[in-house]
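Enquirer: coords please:
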Amino acid sequence: MPWYVLITKPKSEKKVAKHLEDRGVEVCCPVRVEMRQWSDRKKKVEVPLLPSMVLVKLNDAERAVVFETPGAVRYLFWLGKPATVSAEEIEALMDIRNNGMEVLGVSSMSEGAEIDLKGFGLEPAKGTIKYVSGNQCWVVLHNLGYVIKLQI
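Expert: Alright, predicted model coming up:
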């Protein structure tokens, strides 16, 4: 069964993932912890790594079942077909979710270079460095069609 990219309403990724898991659908919704500050306090908040996206593993015939979930909008399409994500990238994203991994850094980075993200605790995902600025870089995950921002 392939992994499909489900687009959700903004800020409802975790709710959609929880509802789908309760219905028996295999879901991947990795989160990262971020410190948020309000006028009266600071708080650690779990923020989805893939905004407005949840990854679901379903048979092609079962794809319509996700639309019974409040907050599910549509599937992401690529070249006229539903976008799928490789099992290796799903495994790397689940490692982030399950182990609470933090990005550690790599020795050298230049724009356009293809890197293996093992140095960041992601295995065996590969990506291409799109942009480097100070202590941050943007990496394109090819099979996902998504860009992530890493703190070096």
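Enquirer: Tell me where the model's unsure across the protein.
Expert: 96-125, 134-135, 142-146, 151-152 (pLDDT under 70).
Enquirer: Helices of that one, residue ranges please.
Expert: 13-22, 87-99 (DSSP state H).
Enquirer: What residues sit buried inside the first one?
Expert: Pointing back at helix 13-22 there. Glu13, Lys14, Lys15, Val16, Ala17, His19, Leu20 (16 or more other CB atoms under 10 Å). The way it works is simple: take the backbone N, C-alpha and C, and place the C-beta from them, glycine included.
Enquirer: do stretch 132-142 as well
Expert: Val132, Cys137, Trp138, Val139, Val140, Leu141.
Enquirer: can you give me the end-to-end distance of stretch 10-27?
Expert: 18 Å (CA to CA, to the nearest Å).
Enquirer: quick one: contacts of that stretch?
Expert: 6, 8, 29, 31, 46, 48, 50-58, 65-66, 68-72 (CB atoms under 8 Å, 6 or more residues apart in numbering).
Enquirer: Where strands are concerned, which of the residues you listed count?
Expert: Leu6, Thr8, Val31, Glu46, Pro48, Met53, Val54, Leu55, Val56, Lys57, Ala72 (DSSP state E).
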